[in-house]
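Student: Got a predicted structure plus its sequence, pasted below:
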Amino acid sequence: RYQLFRRFDSGILLDTESWFSVTPEAVAAHVAARCYHSLTSSHAKSRPLTVLDAFCGSGGNTIQFGQVFDHVLAVDIDFVKLQCAQFNSTLYGTSHKTSFIMQDFFQLHKMLDVVERGIDLVFMSPPWGGVDYFHRRETDLSELPLDTFRLFLYCVQELRCRNLVFFLPRNSNLEQVAYMAGVGGRVEIEQNFLGHKFVAISAYFGELVEKDERKFAEKI
């Protein structure tokens, strides 16, 4: 439980699904710092940066994005999970930087104020379909509960954001991940470990692709 939330004893709230779906804190903190570094190193930070946590769940990633970004949009269609995320963000002191939105992700483009405000980054840890993926040799991204390709196109076409992060099962089909980058596009695939345990992969698109990995490694 302390791998999921370092402040677990402060009263962290989790529903049943979150116990096996929340991103471990150390991994979430790394991804947040990695994204912030990529966006601020590519150009001078002249305005507040906003990140959209598309399937925020109980707030593991939302909290860590709130530690470094100016504004976080935490979206989930599940009211209970959103309540957990808001309460947990309060425990970590980041709720004042976070807007909690109960909404179907694919309807966000209809919230004109969100799009007009501008989104600098979309982070997506879509449902993996429970723990069954552990037993698969390879995970077909088109067969996840939410089609990863559809998510990618929605962000680019409707939310007008190309800086994307997918947090995916460790046995994901990497050719499918690379395919989303398109002809001449780039994607950076990172293996995420917790200790010696390989827990997931993070796929970075757009300006999030590191131009100098050593520079980031030194920074964190």
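Tutor: Nice, thanks for sending it over. Residues are numbered from 1 along each chain as shown.
Student: now the nearest residue to residue 28 once chain neighbours are set aside: how far from residue 170?
Tutor: The shortest distance from residue 28 to any non-neighbouring residue, by CB to CB, 6 or more residues apart in numbering, is to residue 64 (4.1 Å). The C-beta positions use only the backbone N, C-alpha and C, and glycine is treated the same way. For residue 64, the distance to residue 170 (CB to CB, to the nearest Å) stands at 20 Å.
Student: Please say which of these two ends up with more neighbours.
Tutor: Between residue 64 and residue 170, counting by other CB atoms under 10 Å, residue 64 is the more crowded of the two (26 against 15).
Student: quick one: the more buried one is in a helix?
Tutor: Yes. Counting by DSSP: H, G, I helix; E, B strand; the rest coil, residue 64 is part of a helix.
Student: Model confidence at it, what's the number?
Tutor: Model confidence at residue 64, given as pLDDT, is 98.
Student: Repeat that for residue 217.
Tutor: Per-residue pLDDT puts residue 217 at 44.
Student: And residue 87, by the same measure?
Tutor: 97.
Student: Follow the chain on from the helix or strand hosting it and name the next helix or strand.
Tutor: Using DSSP states H and E, residue 87 sits within helix 79-91. For helix 79-91, the following helix or strand on the C-terminal side (DSSP H and E) is strand 98-102.
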